[in-house]
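1. Sharing a sequence plus its predicted fold:
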Amino acid sequence: MATSMTDLVRQSAGLAEQLMRPLGRRWAHVQAVARAATQLASVLAPEERPVLIAAAWLHDIGYAAELVDTGFHPLDGARYLRAEGYPDRVVDLVAHHSGARFEAAERDLRTELAEFELEDTPVMDALVTADLTTGPAGEQVSYQQRIAEILRRYPPEDPVHRAWLRAADPMKACVVRTQERIRRHPMNGFGLLST
């Protein structure tokens, strides 16, 4: 496993590329989320920045065919990362990114997801913000556009659609808190986010 935080980010980016590049559009999304997280990291404490960026690179690796076990990508990705010796904090962020707990409930995987700690921190807020202001092909979108796209893509009977009906407001709160941190930050000028 990585010996320094710089190595952690580099190793995470490399693993993401290895597993996600074959997924085309999803790889474009992951790269754009990592870029957004890198920008957002400047409003975090220095020691938190590599954790956020590593989690951004790795947040969707559970979609890689060779990692699919339950079919729930946050859980499958987190279990793989834990087995590979990634830091618990990165693993937990991947497990719980972007409202995973709501979809876990819809898929009857709450107990399995509870193997991982859910944090309510600026790092999680920033990860959610980076993911949910990036479209499926890597385009920058508003939070509202992203949620509308998810609800259009999945039919009402799908667990993802049902989960986002419940997750939309709590995840919007993450984006709003991140926006407030950006506004208060001395290097304000991101121009990144709108809800």
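-> Received, thanks.

2. Residue 155: what secondary structure?
-> On the three-state scheme (DSSP: H, G, I helix; E, B strand; the rest coil), residue 155 is labelled coil.

3. so it touches residue 162, yeah?
-> No: Residue 155 lies out of contact with residue 162 (Cβ atoms under 8 Å); the separation is 10.1 Å. The C-beta positions use only the backbone N, C-alpha and C, and glycine is treated the same way.

4. higher neighbour count, those two?
-> Taking other Cβ atoms under 10 Å, residue 155 and residue 162 do not tie; residue 162 has more neighbours (17 against 9).

5. give the contact list for that one.
-> 106, 156 (Cβ atoms under 8 Å, 6 or more residues apart in numbering).

6. Go again with 10 Å.
-> 102, 103, 105, 106, 107, 154, 156 (Cβ atoms under 10 Å, 6 or more residues apart in numbering).

7. max-length helix in the chain?
-> helix 159-184 (DSSP state H).

8. Would you indicate which residues of that one are buried?
-> 159-164, 167-168, 171-172, 174-175, 177-179, 181-182 (16 or more other Cβ atoms under 10 Å).

9. Same check on stretch 140-158?
-> 140, 141, 143, 145, 146, 147, 150, 151.

10. what's that stretch in contact with?
-> So stretch 140-158 is contacted by 32, 35-36, 98, 106, 128-129, 131-136, 139, 160-165, 167-169, 171-172, 174-176, 178-179, 191-195 (Cβ under 10 Å, 6+ apart).

11. Let's see that with 7 Å instead.
-> 132-136, 160-161, 164, 168, 172, 175, 194-195 (Cβ atoms under 7 Å, 6 or more residues apart in numbering).

12. Return the member of these nearest to residue 83.
-> residue 160 (25.6 Å; Cβ to Cβ).

13. picking up where we left off before, the contacts of residue 162 in helices, which ones?
-> Those of the contacts of residue 162 lying in helices (DSSP H): 102, 103, 105, 106.

14. if I look at the second one, how far off is residue 38?
-> Here residue 103 is placed at a distance of 26 Å from residue 38 (Cβ to Cβ, to the nearest Å).

15. more crowded one of those two?
-> The neighbour count for residue 103 versus residue 38, taken as other Cβ under 10 Å, is higher for residue 103 (23 against 16).

16. The spatially closest residue to that one that is not a sequence neighbour: what's it in contact with?
-> Among residues not flanking residue 103 along the chain, residue 163 sits closest, at 3.9 Å (Cβ to Cβ, 6 or more residues apart in numbering). By Cβ under 7 Å, 6+ apart, residue 163 lies in contact with 99, 102, 103, 106.

17. Counting neighbours, which of those comes out on top?
-> The contacts of residue 163, ranked by neighbours (other Cβ under 10 Å): first place residue 103, 23 neighbours.

18. circling back: of all the contacts of residue 162, which comes closest to residue 10?
-> Nearest member of the contacts of residue 162 to residue 10, counting by Cβ to Cβ, is residue 103, at 30.1 Å.
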